[in-house]
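Peer 1: Predicted structure and sequence below. I'll ask about it afterward.
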Number of protein chains: 2
Amino acid sequence: MADQHPEWKTQQPFKAVLEDDLKTLASFGERGIIELVMATHANITTEEFESVVKQWLISTKHPRFNKPYNQLVYQPMLELLEYLRSKDFKTFIVSGGGIEFMRPWVEEVYGIPRDQVVGSSIKTEFTIVDGKPVIMRLPELDFIDDKAGKPVGINRFIGRKPVFASGNSDGDLQMLQWTASGDGLRFMLYLHHTDGEREWAYDRESHIGRLDKGLDEANEKGWTVIDMKEDWKLIYPFELEQ
Amino acid sequence: MADQHPEWKTQQPFKAVLEDDLKTLASFGERGIIELVMATHANITTEEFESVVKQWLISTKHPRFNKPYNQLVYQPMLELLEYLRSKDFKTFIVSGGGIEFMRPWVEEVYGIPRDQVVGSSIKTEFTIVDGKPVIMRLPELDFIDDKAGKPVGINRFIGRKPVFASGNSDGDLQMLQWTASGDGLRFMLYLHHTDGEREWAYDRESHIGRLDKGLDEANEKGWTVIDMKEDWKLIYPFELEQ
């Protein structure tokens, strides 16, 4: 979108993004992220937004792996989802990511249909433009599906307490607490990113995806913690071809 | 709840409800309804609310039919849902009713699972009370799933444009317009309540469930309209036993 916004070359937080300056970007905090989302994800229809996401997926590669982002998913996670569904579990995604950012591609990748995706959202509005009904994305936050928002989103969209939930950060802790609070057998699972060579290693000090309180509570309550480096033979599906 | 609120005997809109005075109740308009919902549906946990709904269903009968409300559903609608699912359609409820009011009973009655229900909602909050995680229902409206809210709710919860939608009032018109706007074959269906003997007859002048603009648009665009009196051999499932 930068072509249509020459002012972003000098205006923050856009300047930081265009210059790949993550340190400066981080200095704007949550407000900076929200400004970015409003500018880049709103004032278009839901159909136009879906086209932008699909176009991004086929035109952009991750700089480290030189792969499209939808290939950078975890093979063990795909196998677990498949296993659960083969045992008649209904599987959902509950992510801090934007719900309309995920829906165009997660069904193909994870086998999870669009209506089983819970995520963050901006407000939308139904309106008729030139005789054609559209849903416009508005520059106003609707819901942040993170931390205490995750059980709220699960309750709102799924309407049932999970019997199994898995996450990888403190943003998932309330979801796991909510899962653990039900009757009968429950499975709470944390993924600990410990593999700096094949993926990344981070936990208590990380600014993004911090896993600190969650790790303490998992240890205290005996929840299962995956040590990525030790426990995962493969990480990405493309390793199967190598 | 009136036992715990003696002041409702003199305080509107509660007085009108307790006296079964629908005319006075209607005079308070949407604000009156919202006040009622706030007072009766909030400040309890989602689990407590579910118990209230289930208790109401087993303890209350419709005055005209002397049947619990969950038996006053339409047999032709049940058969249509069953037929659609037998052809691999995924079926959803999209109602102006409260989403947490519907979920405790619709799966058993309609065969539609809890996560395939879209409805109106109040805000909720995840919190830990005496060490136990709960979701509290807050006295603040979140979303009204009616009129232009229906396509918004469909987009938010289902994330896909319907190929088939059915309704019975002007509150469903935007949902049907949204359905009609997709590519390929589409089915837009209105139920017209024309049977004052077996059910009710109302349309353009009704204060509740008005069907006026919708009827015009259905006629103009050739959408299918069910004439309840002429087209339905049975209305309620309990007629099958008679």
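Peer 2: Sure thing, it's come through.

Peer 1: wait, is residue A:121 part of a strand?
Peer 2: Yes: under DSSP: H, G, I helix; E, B strand; the rest coil, residue A:121 falls within a strand.

Peer 1: From chain B, how far off is it?
Peer 2: 7 Å (CB to the nearest CB, to the nearest Å). (C-beta placed from N, C-alpha, C; glycine too.)

Peer 1: Need the per-residue pLDDT for that residue.
Peer 2: pLDDT for residue A:121: 93.

Peer 1: Same question for residue A:139.
Peer 2: For residue A:139, the model assigns a pLDDT of 88.

Peer 1: show me what contacts it?
Peer 2: Residue A:139 makes contact with A:38-39, A:42-43, A:122 under the criterion CB atoms under 8 Å, 6 or more residues apart in numbering or on different chains.

Peer 1: Which one (most neighbours) among those residues?
Peer 2: residue A:122 (20 neighbours; other CB atoms under 10 Å in any protein chain shown).

Peer 1: Which stretches in chain A count as strands?
Peer 2: Under the criterion DSSP state E, strands of chain A are mapped to A:93-98, A:117-129, A:132-143, A:164-167, A:187-192, A:224-227.

Peer 1: Name the residues that touch the lowest-mean-pLDDT helix or strand in chain A?
Peer 2: Lowest on mean pLDDT, DSSP states H and E among the helices and strands of chain A sits helix A:29-41, with a mean of 82. The contact list for helix A:29-41, computed with CB under 8 Å, 6+ apart, reads A:1, A:5, A:12-14, A:16-17, A:25, A:28, A:49, A:98, A:100-101, A:122, A:137, A:139-141.

Peer 1: cutoff 10 Å now
Peer 2: Helix A:29-41 is contacted from outside by A:1-2, A:5, A:8, A:11-14, A:16-17, A:24-26, A:28, A:49, A:52-53, A:98, A:100-101, A:120-122, A:137-141, A:144, using CB atoms under 10 Å, 6 or more residues apart in numbering or on different chains.

Peer 1: for the residue most central in space within chain A, what are its contacts?
Peer 2: Centroid-nearest residue in chain A: residue A:97, 3.6 Å away (criterion: CA atoms, centre = their mean). By CB under 10 Å, 6+ apart, residue A:97 lies in contact with A:106, A:117, A:119-120, A:145-146.

Peer 1: so can I have a markdown table of these showing distance to residue B:57?
Peer 2: Below are those laid out as a markdown table (distance: CB to CB, whole Å):
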| residue | distance to residue B:57 |
| --- | --- |
| A:106 | 36 |
| A:117 | 31 |
| A:119 | 33 |
| A:120 | 35 |
| A:145 | 31 |
| A:146 | 35 |
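
Peer 1: which one among those residues gets closest to chain B?
Peer 2: Nearest to chain B, judged by CB to the nearest CB, of those is residue A:117 at 6.7 Å.

Peer 1: What sits closest to the closest one if chain neighbours are left out?
Peer 2: Spatially, and ignoring its direct neighbours in sequence, residue A:117 is nearest to residue A:93 (4.8 Å; CB to CB, 6 or more residues apart in numbering or on different chains).

Peer 1: same check, this time on residue A:106
Peer 2: Using CB to CB, 6+ apart and skipping residues adjacent in sequence, the residue nearest residue A:106 is residue A:112, 5.5 Å away.

Peer 1: Could you report the pLDDT at the one you found?
Peer 2: pLDDT recorded at residue A:112 is 98.

Peer 1: Quick one: neighbours of it, just the number.
Peer 2: Number of residues near residue A:112 (other CB under 10 Å) recorded here: 19.

Peer 1: wait, residue A:81 sits on residue A:87?
Peer 2: No: assessed by CB atoms under 10 Å, residue A:81 is found out of contact with residue A:87, at 11.1 Å.

Peer 1: So for the two, which residue has more residues nearby?
Peer 2: It is residue A:81, of residue A:81 and residue A:87, that has more neighbours when counted by other CB under 10 Å, with 17 against 6.

Peer 1: Provide a list of residues in contact with the residue nearest to residue A:117.
Peer 2: Applying CB under 10 Å, 6+ apart, the residues contacting residue A:93 are A:81, A:99, A:102-103, A:106, A:110, A:112, A:116-119.

Peer 1: Same list (these) but as JSON lines, adding distance to residue B:164.
Peer 2: What follows is the contacts of residue A:93, written out as JSON lines (distance: CB to CB, whole Å):
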{"residue": "A:81", "distance to residue B:164": "29"}
{"residue": "A:99", "distance to residue B:164": "23"}
{"residue": "A:102", "distance to residue B:164": "25"}
{"residue": "A:103", "distance to residue B:164": "20"}
{"residue": "A:106", "distance to residue B:164": "24"}
{"residue": "A:110", "distance to residue B:164": "26"}
{"residue": "A:112", "distance to residue B:164": "23"}
{"residue": "A:116", "distance to residue B:164": "20"}
{"residue": "A:117", "distance to residue B:164": "22"}
{"residue": "A:118", "distance to residue B:164": "25"}
{"residue": "A:119", "distance to residue B:164": "26"}
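
Peer 1: Fine, thanks again, bye for now.
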